[in-house]
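**Student:** Take this sequence and fold it.
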Amino acid sequence: MSENQAEKKHFVLYAISTRPTFQQDMTEKERNIMSRHIAYWTDKAEQGIAIVFGPVFDPKGGYGLGVVEVENEDQVRLLIANDPAVIAGLFKEEYTPMLAITKKK
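**Tutor:** Predicted structure coming up:
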């Protein structure tokens with residue numbers, strides 16, 4: 001493991017929608033915001049920050065899930081604060097640290 005990789009921290013992000021049926025009954029306006037949300041996280045994936053992200057189709061109520069690799073917790077807060085879906089009030093995002101075992105690059 002390189003010295004730079006050892007310094008990276010991983011966090012699990014949970015995007016909890018304002019209603020349990022959000023995935024099934026989004027309005028057109030919400031779909032447009034979600035398109036920007038997906039573009040935002042796709043960009044973070046291309047930068048190597050978001051390791052994985054996407055919707056989870058839990059029968060009890062769907063939610064979004066992501067894993068990010070960052071330098072520090074402040075970076076996680078900034079990522080969340082700049083998420084178009086959070087800005088629009090569609091999601092409340094929560095996060096927790098993760099001890100990630102990753103494949104060597």
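
**Student:** Help me confirm that Trp41 comes into contact with Val52.
**Tutor:** No: under the criterion of Cβ atoms under 8 Å, Trp41 is not in contact with Val52, lying 9.9 Å apart. (Glycine included, C-beta is placed from N, CA and C.)

**Student:** Which residue of those two possesses the greater neighbour count?
**Tutor:** Trp41 (24 against 11; other Cβ atoms under 10 Å).

**Student:** Can you check the pLDDT for the more buried one?
**Tutor:** With respect to pLDDT, Trp41 has a value of 98.

**Student:** Find the nearest non-adjacent residue to it, please.
**Tutor:** The shortest distance from Trp41 to any residue other than its chain neighbours is 4.8 Å, reached at Phe53 (Cβ to Cβ, 6 or more residues apart in numbering).

**Student:** what's the answer for Gly62, then?
**Tutor:** Closest residue in space to Gly62, ignoring its immediate chain neighbours: Gln23 at 4.1 Å, by Cβ to Cβ, 6+ apart.

**Student:** Tell me which helix or strand that neighbour sits in.
**Tutor:** Element membership of Gln23, judged by DSSP states H and E, is helix 22-25.

**Student:** What values do phi and psi take at the residue nearest the centre of the chain?
**Tutor:** Note on the chain: the residue nearest the mean C-alpha position is Gly66, at 4.1 Å, using Cα atoms, centre = their mean. Dihedral angles phi and psi of Gly66 (degrees, to the nearest 10) take the values phi -150, psi 160.

**Student:** Pull the number of nearby residues for the closest residue to it other than its chain neighbours.
**Tutor:** Computed as Cβ to Cβ, 6+ apart, the closest residue to Gly66 that is not its neighbour in sequence is Phe53, at 3.5 Å. For Phe53, the tally of surrounding residues (other Cβ under 10 Å) stands at 19.
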